[in-house]
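[1] Need a 3D model of the sequence below.
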Amino acid sequence: MLTISPTSDAEFITSLSRRIQDWLIQRNSLQQIVLSSVETNGYIVQNHAFVFTHSSLGSIGSVFLEPLPKHLVETWKLVHIDKQTLFLSKLMLEPSLIGSSSKPDTPSFGSQMIQCILNANAGIPIVLDCWDGNTSLRRFYERHGFKLHGIFEETDQKSNESWNIAVYVHENRG
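    Model (predicted):
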């Protein structure tokens, strides 16, 4: 089940981001996902933070969903996008549950999370991005109906390092 996060979920989301970061480091990923309490609370206050709960496991993941920022529309050349489009970021699942499901012959927890997001926002397009080099994550999104919109270079203003990100769109017509 996907629910809007109350402020009491801030510690769960922040600590989940640290567990995910540890999991990514163990896999030699360069992705950075750690969230501060201030950042998490900012999303919660704006009703953009959501938590996934499982009937027997409790809270198992979280995601941020917000209106697609205008600067991304321009940067990613998303001129055809509906004004109600959502931007999905920081999709996180407990590392111990990644790639697994609660029962044989049922979708993985990650697949259930994506389907829950799509169902809860039926009729509203969703945009997301991920590091271009993460082929398994890209395939995961593609299996769930996200279509590659384009590959774009992103640059860290502090370090001047750059990398490519893949931008995906799901029309989510319900």
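
[2] what ranges do the strands span in the protein?
    Remark: strands assigned in the chain by DSSP state E are 2-4, 49-54, 58-67, 86-93, 126-131, 147-155, 162-170.

[3] Please report the number of neighbouring residues for S56.
    For S56, the count of nearby residues is 6 (other Cβ atoms under 10 Å). Bear in mind the C-beta positions are built from the backbone N, C-alpha and C, glycine included.

[4] ok, now which ones touch it?
    S102 (Cβ atoms under 8 Å, 6 or more residues apart in numbering).

[5] got it, and the one 5 residues further on?
    Counting by Cβ under 8 Å, 6+ apart, G61 makes contact with 16, 51-52, 91-94, 97, 109, 113.

[6] Just the local confidence number for it, please.
    Predicted confidence (pLDDT) for G61: 95.

[7] which residues pair with it across the strands?
    F52, L93 (DSSP bridges).

[8] Start at 3, not 1
    Let's use 3 as the start, then, which means that last one is G63.

[9] That one and P71, how far apart?
    Noted for G63: a distance of 23 Å to P71, by Cβ to Cβ, to the nearest Å.

[10] contacting residues for the spatially most central residue of the chain?
    When Cα atoms, centre = their mean is applied to the chain, the residue found nearest the centroid is L93 (2.8 Å). L93 makes contact with 63-65, 115-116, 130, according to Cβ under 8 Å, 6+ apart.

[11] Among those, which one lies nearest to V47?
    S64 (15.1 Å; Cβ to Cβ).

[12] Could I get the contacting residues of the closest one?
    Counting by Cβ under 8 Å, 6+ apart, S64 has contacts 7, 11, 14-15, 18, 51-54, 92-94.
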